[in-house]
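Peer 1: Give me a 3D structure for the following:
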Amino acid sequence: MVSDLIDSLAKLRDPAACPLLVVKFGSALLVGSDGQPRQKRLHSIVGEIAARRQAGQKIVIVSSGAIALGAAKLGLAERGRRSLADAQAAACVGQIALARAWTEALAEHGLTAAQLLLTLHDLEDRRRYLNAAATLERLLEAGTVPVINENDAVATEEIRFGDNDRLAARVGQAARASAVLLLSDVDGLFDRHPSAENAQRIPVIDRIDDSIRAMASADSASGLGSGGMVSKLQAAEIATRAGIALAIGNGTVEEPLAQVLERNVGTLFVPHGEAGARKSWLSGRIAALGTLRVDRGCGEALRGGASLLAAGIVGVSGTFSRGDLVKICALSGEPLAQGLSEYSMAEIKAIAGKRDNEQADVLGYAPRAAVVHRDHMVML
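Peer 2: Coordinates of the predicted model:
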């Protein structure tokens, strides 16, 4: 990835700086309030995608819309989101219609669509993540345009992305993309609600901090999607930690790609580091199974590049085994890092706060080098 060169929206249209772009389309962009595909808009979008391909840029599509399409066909209330069972049934019907719409529109420009449905576990489990990455690489080598969605038919409330913003960021990691573009119903991130008087769009954000998070609103004007600005900021954090630029733009306008890439209307989150492949995967994982709270001195040591030792742990929660993902937090609750635990929850509870020479008596064997080794940990 060369996304560290991307410091402006204009760079996203340069195939040299951004050879692979992931573009996410929200439900409201593709499905009307009547539950039918917005054919005119879809064909316009595909025309822009074909132009990007002609310019030498590879494109991966992350597409919402299956539940909205299926709910209309089945006559389900609340657009298929009244219950998990309704959403799963709607997705089964709607995914066929969504895939057909993309396939036919892309074929008009001589492009081949390739469908890939993913669950949270597909990208949280290391082996399955690598399989997904290899499949994406081969599809792109073959010249296809991958169209990706969450596999809502089998995902449950506990094991799902919940919105395609975070899915797009994780797909960006798996595909080794340079940038991710989230197209929704807003022009970007504003310093207050976009409808408020004197609201100002922020064109470039170098780092996401509490002041930026405070600007996010969970509101969406469409009512069709499941994500709001909060989920987009979460996606931006996943992407930028992995060295991938992320942009937010308005997909409801004519030529939405040109609006962002050529007219520079949107918000760009600049990547602030490029991790190795394993740490990139770790930084994007979402489903931590436990939390370790550490004292102030331990937190400072972690920021300095140290591994997590048992002596600095003051609290343990969750249920996890050795090798599971855990989040490491300060006493205040501020997330510091996440990584793979070398011990189970019960073992860490037993040795928390103890020095190396005390741990052997508790464990019954010589302690490992760390509770979470720095090679298996990423700072947040």
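Peer 1: Within the sheet, what are the partner strands of the one helix or strand residue 182 maps to, with directions?
Peer 2: Element membership for residue 182 (DSSP states H and E) is strand 179-184. Strand 179-184 has its sheet partners listed here by DSSP bridges as strand 20-25 (parallel), strand 245-250 (parallel).
Peer 1: pLDDT (mean, whole number) over that strand?
Peer 2: Average pLDDT, strand 179-184: 94.
Peer 1: ok, and what's touching that strand?
Peer 2: For strand 179-184, the external contacting residues (CB atoms under 8 Å, 6 or more residues apart in numbering) are 3, 6, 12, 18, 21-26, 28-29, 165, 168-169, 171-172, 220, 222, 225, 227, 232, 235, 239, 244-251, 256-257, 260, 266. In this view, the C-beta of every residue, glycine as well, is placed from N, C-alpha and C.
Peer 1: could you dump the strands paired with strand 179-184 to CSV with mean pLDDT, distance to residue 184 and mean neighbour count?
Peer 2: Converted to CSV, those look like this (pLDDT from 0 to 100; distance: least, CB to CB, whole Å; neighbours: other CB atoms under 10 Å):
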stretch, mean pLDDT, distance to residue 184, mean neighbour count
strand 20-25, 96, 8, 26
strand 245-250, 95, 7, 26
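Peer 1: Distance to residue 300 added to these, as TSV?
Peer 2: Formatted as TSV, those follow (distance: least, CB to CB, whole Å):
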stretch	distance to residue 300
strand 20-25	36
strand 245-250	29
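Peer 1: Following the record's annotation, map out the domains of this structure.
Peer 2: Each domain of the chain is listed here as a residue range: 3-281, 288-379, per automatic domain parsing.
Peer 1: what about the shortest one, average pLDDT?
Peer 2: Spelled out, it's domain 288-379. For domain 288-379, mean pLDDT rounds to 92.
Peer 1: Span of that domain from start to end?
Peer 2: End-to-end distance for domain 288-379: 14 Å, by CA to CA, to the nearest Å.
Peer 1: By residue count, what's the longest helix in the chain?
Peer 2: Counting residues, the longest helix in the chain under DSSP state H turns out to be helix 84-107.
Peer 1: what's the angle between it and strand 20-25?
Peer 2: Angular relation of helix 84-107 and strand 20-25 on a 0 to 180 degree scale: 130 degrees, by axes from the mean of the first three to the mean of the last three CA atoms, to 10 degrees.
Peer 1: So what's the residue count around residue 319?
Peer 2: As a burial measure, residue 319 scores 10 neighbours (other CB atoms under 10 Å).
Peer 1: Now do the contacts for it.
Peer 2: 289, 290, 345.
Peer 1: Going by residue numbers, what spans are strands in the chain?
Peer 2: Assigned by DSSP state E, the strands in the chain fall at 20-25, 58-63, 113-118, 145-150, 179-184, 204-205, 245-250, 267-269, 290-294, 313-318, 325-330, 335-340, 377-379.
Peer 1: got TSV for the ones you listed, with distance to residue 48 too?
Peer 2: Below are these laid out as TSV (distance: least, CB to CB, whole Å):
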stretch	distance to residue 48
strand 20-25	9
strand 58-63	9
strand 113-118	16
strand 145-150	12
strand 179-184	11
strand 204-205	23
strand 245-250	12
strand 267-269	19
strand 290-294	43
strand 313-318	45
strand 325-330	38
strand 335-340	37
strand 377-379	35
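Peer 1: Nearest to residue 75, out of the ones you listed?
Peer 2: Comparison of the strands of the chain against residue 75 by CB to CB identifies strand 145-150 as nearest, at 22.0 Å.
Peer 1: Check which helices and strands that closest one sits against.
Peer 2: Other helices and strands packing on strand 145-150, by 3 or more CB pairs under 8 Å, 6 or more residues apart in numbering; DSSP states H and E, are strand 58-63, helix 84-107, strand 113-118, helix 126-141, helix 164-174.
Peer 1: So which of those has the densest surroundings on average?
Peer 2: Of all these, helix 164-174 has the most neighbours on average by mean count of other CB atoms under 10 Å, namely a mean of 28.
Peer 1: so for that one, what's the average pLDDT?
Peer 2: Helix 164-174 comes out with an average pLDDT of 92.
Peer 1: and the angle from it to helix 126-141?
Peer 2: 80 degrees.
Peer 1: Let me see the residues that make contact with helix 164-174.
Peer 2: Taking CB under 8 Å, 6+ apart as the rule, helix 164-174 contacts 22, 24, 26, 60, 62-64, 118, 123, 129, 132-133, 136, 148-150, 161, 177, 179-180, 182, 227, 231-232, 234-236, 238-239, 242, 244, 246, 280-281, 284, 286.
Peer 1: Apply 7 Å and report the result again.
Peer 2: Here helix 164-174 makes contact (CB atoms under 7 Å, 6 or more residues apart in numbering) with 22, 24, 60, 62, 64, 118, 123, 129, 132-133, 136, 148, 150, 161, 180, 182, 227, 231-232, 234-235, 238-239, 242, 244, 246, 280-281, 284, 286.
Peer 1: Likewise for stretch 328-345?
Peer 2: Residues from elsewhere that reach stretch 328-345 (CB under 7 Å, 6+ apart): 282, 285, 288, 290-295, 299, 302, 308, 314, 316, 318-327, 368, 370-373, 376-380.
Peer 1: Noted, bye for now.
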